[in-house]
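Asks: Here is my input; please provide its structure:
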Amino acid sequence: MDFFNSPSTSETQTYEKEKIFTAFTEYMSHSYSDRPTIQTISITGNVTEQMIKKYFNNIDELMCAFIVYTDQPIKLEVENHIRSNKNILAIFIENMAPLVYSKRLELNLLYTRPYIKIYWINFITSKYKKILSNHATTIGKNGIELDYAIRILTSFIETWLSQSPPEPLEDFQLRIEKLTTTTINQWPIFNRSV
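Replies: Okay, here's the model as predicted:
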């Protein structure tokens, strides 16, 4: 038995980190352009600087941890479906979209706050390229096809969740089904006959 990592210690650490992430989310909700600091998060979320520094040496570490924490349940679900070789678009619409929607507040902040947006986009682009490269339809394919697929799918999510409030999940799913089954020159905005 590991006496240094007892269940109560682990539960306390999880609770404290979640409290820090809640304070971080609250700060970002109220500040569009001002980059957070350990001090501003402490004040906003009623957590001590000491507690924050117990887990994160600086704000960059905290931002990276928040990104991983936000994405973790989505990533695990997507990986499970990728292993089953289910159609990638079906995974996106049926499985990923509901998970993303459940994290809409956090993802809205990650997509709309200039001090964290680039970190988030680089993270998900890299992470999901690696995940999707394990799908049977992408193995041995030209890398540019996978790059396009990642950019298209993440752009759909970014556009959707950057809205405040985002359109309902069911509307988004129907929109993506329509956009992906209609050629681009048939979209009303690109239709030359109008």
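Asks: just the CA coordinates of stretch 84-92, formatted as PDB?
Replies: Extracted in PDB, the C-alpha atoms of stretch 84-92 (Å, rounded to 0.1, in the frame of the first residue of the first chain):
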ATOM      1  CA  SER A  84     -13.600   0.400 -33.300                       C
ATOM      2  CA  ASN A  85     -13.000   1.900 -36.700                       C
ATOM      3  CA  LYS A  86     -16.400   3.500 -36.700                       C
ATOM      4  CA  ASN A  87     -16.800   6.200 -39.500                       C
ATOM      5  CA  ILE A  88     -14.900   9.300 -38.400                       C
ATOM      6  CA  LEU A  89     -17.700  11.700 -39.400                       C
ATOM      7  CA  ALA A  90     -20.200   9.600 -37.400                       C
ATOM      8  CA  ILE A  91     -17.900   9.700 -34.400                       C
ATOM      9  CA  PHE A  92     -17.700  13.500 -34.800                       C
END
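Asks: Quick one: the strands in this protein, in order.
Replies: Counting by DSSP state E, the chain has no strands at all.
Asks: gap between the residue nearest to the spatial centre of the chain and Met96?
Replies: By CA atoms, centre = their mean, the chain has its centre lying nearest to Asp71, at 4.8 Å. Distance of Asp71 to Met96, given as CB to CB, to the nearest Å: 11 Å. Every residue, glycine included, has its C-beta placed from N, CA and C.
Asks: what's the burial count for the closest residue to Pro166 other than its chain neighbours?
Replies: Leaving aside its sequence neighbours, Pro166 sits nearest to Trp160 (CB to CB, 6 or more residues apart in numbering; 5.2 Å). By the criterion of other CB atoms under 10 Å, Trp160 has 22 neighbours.
Asks: low-scoring stretches of the protein, by residue?
Replies: 1-8, 138-142, 192-194 (pLDDT under 70).
Asks: Tell me where it has helices.
Replies: 7-30, 38-45, 49-55, 59-83, 88-90, 97-102, 104-112, 114-132, 143-161, 169-181 (DSSP state H).
Asks: Now do the fifth one: which elements does it pack against?
Replies: Read that as helix 88-90. Contacts defined by 3 or more CB pairs under 8 Å, 6 or more residues apart in numbering; DSSP states H and E place helix 88-90 against no helix or strand at all.
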